[in-house]
Each structure stands twice: as C-alpha cells, then as structure tokens.
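In: Just the structure for this:
(chains A, B, C and D)
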Protein chains: 2
Amino acid sequence: MYQKPTLKLLAEKLQLSTSTVSKALKDSAEISVDTKKRVAELAKLMGYRPNTAAASLRNRETRTIAVILPEIVNDFFGQVLMGIEEEASQHNYKIVICISNESYEKEMDYMEMFSNGAVDGFIMAAAMGTQELGKFEHYHNILNSGLKLVMFDRVIDSLDCDKIIVDDAASGSRLVDFLKSKGDRNICIASTISKVSVGQLREQGIRNRVEELDGLQLNVVAHEEDSSFLTQMEGSFKKDNIHSIIALDQRAGIMALNKAHELGIKVPQELQIICYSNSNMAKYSYPQLTVVDQHSRELGKKTFIRILNLLKNKDEVQVTKVHTLKTSLIERGTTRK
Amino acid sequence: MYQKPTLKLLAEKLQLSTSTVSKALKDSAEISVDTKKRVAELAKLMGYRPNTAAASLRNRETRTIAVILPEIVNDFFGQVLMGIEEEASQHNYKIVICISNESYEKEMDYMEMFSNGAVDGFIMAAAMGTQELGKFEHYHNILNSGLKLVMFDRVIDSLDCDKIIVDDAASGSRLVDFLKSKGDRNICIASTISKVSVGQLREQGIRNRVEELDGLQLNVVAHEEDSSFLTQMEGSFKKDNIHSIIALDQRAGIMALNKAHELGIKVPQELQIICYSNSNMAKYSYPQLTVVDQHSRELGKKTFIRILNLLKNKDEVQVTKVHTLKTSLIERGTTRK
DNA sequence: AGTTGATTTGAAAACGCTTTCGTGAAAGCA
DNA sequence: TGCTTTCACGAAAGCGTTTTCAAATCAACT
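Out: Numbering: from 1, shown residues only, chains lettered A, B, ... in the order given. This is a model prediction of the structure:
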C-alpha cells in the first residue's frame, strides 16, 4: 500500500533537510522565498499532510476539544453543536463528541478518558444525573490538571470556570409581563426539566415576577416522563382555568399543545403557549409555537471562541468568566397578536 | 502547573526502565507478576494515562473515526450518531464529528483534512450536493490511501466500499400494499429529499408497485424548500383527490399533516399519512404520525461494528459489502386501524 | 564446575514533527 | 584585503510510546 509522504521524504526529494522543509512549510523567515516555493510545490504535488499525532506529541497540543452533551437527538443541543463545529472547523480544530445520556457516570468516564492529553479542553453541558447528585469532583480534576473547561447552558454555579449561559431567569420574567399584557391572569408552567439548572432558573424568574405583580395565579405541571406529564397536564386543564402556558422545554411545549388539541381547547384564542427552545418541533407544529429563541447556534460559536481564547492566552487571567446571552421571543401561532 | 505522569516518571520512581513499565502495564508475559503488581499500583496512584499522541505515532493507529453527517439537527442522523457513539465508546474509540451541511465542498474538505492519519477511517452519509454533482473522486482518494470507509443510508452505488442501508425500495413497495389494503386508490408521494439516493429509491419502490397493481393513481409533491412545498401540497390537495400520502422524509410528512389541518381535512379518516423516519417530530405531532422506522440507532451501531471489523482484519477480504436492514411500520394516529 | 535453558529486565531505535543552536557562505563595510 | 553582519540552511535533540534484541540472573541438569 502506498506510503504517506513525510517531511523526510520531501526533504530527500528536494535535497534539503527536514528542518528546512518544516520551516519552509511554516513560511518561516529563515528560509529563502525560492526554496519555500519549491517546497510548497512538491508538498502540494505529493499531497503532503503533516502527521497530527507527531505534531501533537511535539507541540503538546492536540487542537482537539471534547464536547460532552447530555443528549444529541434534541434540537437545542444539535444547534449548539453545529455552532461549535462550525467555529472549530474554521480554526482548524477537531471536535470529538461524547454523549452522557444525562448520566453522571458516563460523564465522568468521558472526562477521565480524555484527561490524558487526548484533548486540549472540554465544552459541556452538565448531565441531569450530575446536577441531581451534586457531585462535581470530576470537574475540579479537569481544572486542576490544567485542561480548559467551558460550560454552557446547564452550568454548575459553584464551579469556578468559564460559562456561557442565556438569561433564563430574566427571560422568564419578561414572559410573564408579555402574557399579562395580553390579559392573561392564570399562568401555568409546564416542564420536563425541573431537575436541571436552567429549568429551575426559568421557573424562578417566572415565579418571582408573578409575585411582584398583582392578581396573577401560577400553576406548575412538571414531570420528566411523557405519560405522567400528560395526565397531570390534562388534570390541570380541567380543574384550573389556565389562560396560558409557559413551557420550559420543547417537549413540554409540544405535549401541552397536543393535549389542548385533544381537549378541544382553541389555541391561541382560549389558550396561549410559549415554549423555550426554537426547535424544529416547535417550528413544524400546528399552529407553529411561539418560542423563546436562545440563539443556540450563536451560543455554540461563542462557547468555542471562549475556549479558544483560554487556549491561546495561556497564562492571562480571564476577567469575566460568565457570559450571558439575551434570548428573544419569536411570536408565532400560539400567542395572540 | 502539575506535570502529567509518563512512563519515564513511573520508571524512575520504581527503579525500572520504561520498557519494563510499558510491558508491565500491558500485562506482558515477559514481566514477573510481582513487578506487574508494583507498576499497576503506582500507575493507579499517580493517575497515569498513556499519552494518545505518542501511542498513535508509534502504533500507526489513532483509534479515532471521523463521522461526516449532512446535518445534525435531524433526528435520523442524531439517532444514528448515538448508535455509532455508543458502540465506539464501548470499544474505546473516539468519534470526531464533521457536518457537511449537504455541501460537496465541505465534505471534500473534511475528508482531505483527515486523510493524513488523524483518523483510521470514515463513517459517512453523502451530502446532497455530492449526490447531485456526482463527483466521487474524494471517496476514491480515501480508499486508495488505505483508510477505511463505511457509508450508511445515503450511499454511492458505483463506489466499491462497505455500505449499510435500509430496504428503501422494498419498504416503499410494502407501503403501497398497506394503503391499498385500507381501500386507498389515490396515493401521493411527498418529498423534500428527491435529490438524494434514498429519496429516489423510496420513490422508485412506490412507483414500481403502483404500476404492478391495478387501479392505483400516483401523484408527486416534491420540493426542498418549505414554502414551495407547501403551496404545491395545497394545490395537490385541492385538485387531486388524494386518499393517502407517503412522505419520504420527516419534514415532508409533518408539513403535509399541517397543511391537511389547515384545509380542514380529517386525518386519518379522510386522509392517511405515512412518514419515513421515526423522529421526535413524528412522535409528538397531533395526531402522532404513522412512520417507517429505520431502526436508526441500530443502523449506527452496525455501521460502527462494520468499520471496526475492517480495521481489525486488515488484510482479509470482506465478502458482503452491502448490508441491508429491514425497516418496520409503526402504526400510529395518521393511519386507520 | 560447567553448560544449558528459562526467566526477567534494559538499551536503543523508531514513529514524524518542531525548534534551538550552530555553521558556512555571501554581503557589507572600512 | 580583513573584518563583521546577514542570510540560508542543517544537525540534533526531544516529545512519550512500543518493540526488538541483547544482557543479566538464576535454577537445573550434566
């Protein structure tokens, strides 16, 4: 089988040393324009590609980032991943992907597995299991070993690392104002993510604002599991006189909408629904769901850029460790004009 | 900052040579049980992890597979990726992810970028752009350079490589039978993927069966772009007397369903819909879509196992290069009992 | 005691790259 | 011409592993 060209091979063919060839390819000032050209030409001709393992070994950097996601069949995380990947490929970085499946153990395993120098850093959103258990030593281990860590969306408050989040609490508050302005008094929170940080933040933001304002009522329907959620939702529809629903995640939103259909409730005339996450599911529902857009792709890009900065300014201290993105409301078919 | 333990460091502490330590950690028969134990203990104590770059360089294998997907915010590809990832992590392989965004150029760039020894092989589904253009030299380059390549779902017929696909044509044929048995005569194909291989195969399977049988009528609504698709769909609903729709992809399915809602067509009483891909969108639609399940996660696992075999039996010739998985119909709310 | 064989360990090279440092040649200047 | 400076290149070391081959030790058998 055909042998991949190496520096040595190029050097032989050109009657040069590997050092010269290496420098020439890096456009070093030490090398004459003439030989640079010769080297570049042959390299192109032979399809030379530097061996990454060798470069990693020598340079002590892998140009690889591990991305640990709680799940992947989920538009939000998918979009974030897109953003990360896009930015990474532009900067000539590789992304290795790990799916924790919301499990603390898997998350830990992955972090251990890659803490040997296989990657330069981690981008991650905490697994539900981790947030429930509240065990964070694996994060500390990573940080202590000098690897970079940037968390997004589902972050650990007590952890001293860089974080990219959205204004979950503030947005919740804004939604209440929005619904009140439409005349709704009886608001229901629907959630399948009440065990993760963002779910709690959103709920808190809503709750606080409801208490600040007068004459508003709040219900909560929360369950991770579809069927329990649906029966709870149905119960709430029947006994409480719900004017509007704020769904803290796409699944809760779509299930609430479907249940409303089933019960013959007219959306948005009799019931308004706002849903977190600008997902395809929300876009292709009927009617199209009004959503809180987290600008997830942008979030992914920002997250990558942040870790890139950490990697570059090796010793400089970052001042602002937490970066908050502002969400925006996309009004569609489940809210009134 | 703290220095990662290496073989050399372990060796010094134990008063051994690196060779011995290396062998001991690999449980070589050359080494006495006693020293093996000593080495193992210290290694564990110090948290030794072999440097992957060094091992890659020496062993000429990276234990890394590049996965190139046309898109990631798509339940089918997401599920396949899950399967791949699951199997990979079990076999101690890494997955680097690339998103071609349906573009021929990006696909090519990625394959070039990784064809240097950064990965041991590729798992991929062809981008729409590639299938449209019909340019496949980049695949040949990969194969010639000795890297392994396994394609899934969107494969290139003329390419001599391993492929994992589903019985697209056959399943199309079965769907026709199914619908006919329910009394439908006027079938409409809805597609946003008529430019990719699987879309064409499914359509062909349906078309052939319709021609074989008597008294059936076939319409086609196909457009990649949402708004054009929707207006075409609406036109078809109004002029053709459609009994049922076979949607070749999830987007087409959900859009057809929504349009039916909009026009007040009762599903499934007046119109049956069957949709390819067992996606969340289909599961959480109202009513829930009847779908063709491609067992996508299983497909992902099979794909990884295939490439793993290629990697192991380096010289052995694989006999069956194409592996076809059987799809199954999941009857839900958009078809009649 | 001498030879053999088995057992356990080590020295050294290699994987492909980068970088420091050194060297020879050409150029500049007096 | 003799000196320094600049320019262009090469030698060599080292990144952390793995593996081949040789060496050392010790027991066993003549």
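In: pLDDT below threshold where in chain A?
Out: Applying pLDDT under 70 to chain A flags the ranges A:1, A:314-320.
In: Now do the strands in it.
Out: Here chain A has its strands, by DSSP state E, at A:64-69, A:94-99, A:121-124, A:148-152, A:162-166, A:186-191, A:217-222, A:244-247, A:272-276, A:290-293, A:322-325, A:328-330.
In: just those strands: most buried one?
Out: Ranked by mean neighbour count under mean count of other Cβ atoms under 10 Å in any protein chain shown, those are led by strand A:244-247, which reaches a mean of 28. Yep, even glycine has a C-beta here, placed from its N, CA and C like the rest.
In: and it, what does it pack onto?
Out: For strand A:244-247, the elements it packs on are helix A:168-181, strand A:186-191, helix A:250-262, strand A:272-276, judged by 3 or more Cβ pairs under 8 Å, 6 or more residues apart in numbering or on different chains; DSSP states H and E.
In: could these be laid out in TSV, adding distance to DNA strand D?
Out: Shown next, in TSV, are the helices and strands packed on strand A:244-247 (distance: least, Cβ to the nearest atom of the strand, whole Å):
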stretch	distance to DNA strand D
helix A:168-181	42
strand A:186-191	46
helix A:250-262	44
strand A:272-276	45
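In: Relative to A:Ile95, which of the ones you listed is closest?
Out: For A:Ile95, the closest of the helices and strands packed on strand A:244-247 is helix A:250-262, at 23.8 Å, according to Cβ to Cβ.
In: Please work out the angle formed by the directions of the closest one and helix B:250-262.
Out: With axes from the mean of the first three to the mean of the last three Cα atoms, to 10 degrees applied, the angle from helix A:250-262 to helix B:250-262 works out at 30 degrees.
In: Would you mind listing the buried residues in helix A:250-262?
Out: Neighbour-count burial for helix A:250-262, counted by 16 or more other Cβ atoms under 10 Å in any protein chain shown, picks out A:250-261.
In: Write out the residues of the stretch 51-200 of chain A neighbouring chain B.
Out: Applying Cβ under 8 Å from any Cβ of the partner chain, we find that the stretch 51-200 of chain A lies next to chain B at A:51-54, A:56-57, A:62, A:64, A:72-75, A:78-79, A:81-82, A:85-86, A:89, A:94-99, A:110, A:115-118, A:144-146.
In: Got a quick PyMOL command for the buried subset of those?
Out: Of those, the buried ones can be selected in PyMOL as follows, counting by 16+ other Cβ under 10 Å:
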select buried, chain A and resi 51+52+53+54+56+57+62+64+72+73+74+75+78+79+81+82+85+86+89+94+95+96+97+98+99+110+115+116+117+118+145
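In: Can you narrow the residues of the stretch 51-200 of chain A next to chain B down to the ones near DNA strand C?
Out: Among those, proximity to DNA strand C is found for A:51, A:54, A:57 (Cβ under 7 Å from any atom of the strand).
In: Go through those residues and say which is closest to B:Val291.
Out: A:Asn51 (45.5 Å).
In: Contact partners for the nearest residue to the closest one once chain neighbours are set aside?
Out: Among residues not flanking A:Asn51 along the chain, B:Gly117 sits closest, at 5.3 Å (Cβ to Cβ, 6 or more residues apart in numbering or on different chains). Taking Cβ atoms under 8 Å, 6 or more residues apart in numbering or on different chains as the contact definition, B:Gly117 lies against A:4, A:49, A:51-53, B:56, B:60, B:62.
In: a markdown table please, covering those residues and showing distance to B:Lys23.
Out: Output for these, formatted as a markdown table (distance: Cβ to Cβ, whole Å):
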| residue | distance to B:Lys23 |
| --- | --- |
| A:Lys4 | 29 |
| A:Arg49 | 33 |
| A:Asn51 | 26 |
| A:Thr52 | 27 |
| A:Ala53 | 22 |
| B:Ser56 | 19 |
| B:Arg60 | 20 |
| B:Thr62 | 22 |
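In: out of everything not next to it in sequence, what's closest to A:Val331?
Out: You called it Val, but residue A:331 is Glu. In space, and not counting its chain neighbours, A:Glu331 is closest to A:Thr290: 5.2 Å by Cβ to Cβ, 6+ apart.
In: how close does the most centrally placed residue in chain A get to DNA strand C?
Out: Nearest to the geometric centre of chain A sits A:Val80, at 4.3 Å (Cα atoms, centre = their mean). According to Cβ to the nearest atom of the strand, to the nearest Å, A:Val80 stands 31 Å off from DNA strand C.
In: got it, and A:Arg174?
Out: To DNA strand C, A:Arg174 is 49 Å away according to Cβ to the nearest atom of the strand.
In: and what of A:Ser173?
Out: Applying Cβ to the nearest atom of the strand to A:Ser173 and DNA strand C gives a distance of 50 Å.
In: and that residue, what does it touch?
Out: By Cβ under 8 Å, 6+ apart, the contact list for A:Ser173 reads A:205-206, A:208-209.
In: Tell me what the residue nearest to A:Glu331 is bridged to.
Out: Per DSSP bridges, the residues bridged to A:Thr290 are A:Ile274.
In: so it makes contact with A:Gly333?
Out: Yes. Between A:Thr290 and A:Gly333 there is a contact at 7.1 Å, judged by Cβ atoms under 8 Å.
In: Dump the strands of chain A into a markdown table; add distance to B:His140 as well.
Out: Output for the strands of chain A, formatted as a markdown table (distance: least, Cβ to Cβ, whole Å):
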| stretch | distance to B:His140 |
| --- | --- |
| strand A:64-69 | 27 |
| strand A:94-99 | 24 |
| strand A:121-124 | 35 |
| strand A:148-152 | 39 |
| strand A:162-166 | 41 |
| strand A:186-191 | 51 |
| strand A:217-222 | 54 |
| strand A:244-247 | 49 |
| strand A:272-276 | 46 |
| strand A:290-293 | 43 |
| strand A:322-325 | 44 |
| strand A:328-330 | 45 |
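In: Now the residue in the stretch 101-250 of chain A positioned nearest to chain B. Nearest residue, chain neighbours left out?
Out: At 3.2 Å from chain B, A:Asn116 is the closest residue in the stretch 101-250 of chain A, using Cβ to the nearest Cβ. Spatially, and ignoring its direct neighbours in sequence, A:Asn116 is nearest to B:Arg49 (3.2 Å; Cβ to Cβ, 6+ apart).
In: Setting aside sequence neighbours, what's the nearest residue to A:Lys135?
Out: Closest to A:Lys135 by Cβ to Cβ, 6+ apart is A:Tyr104, at 6.6 Å.
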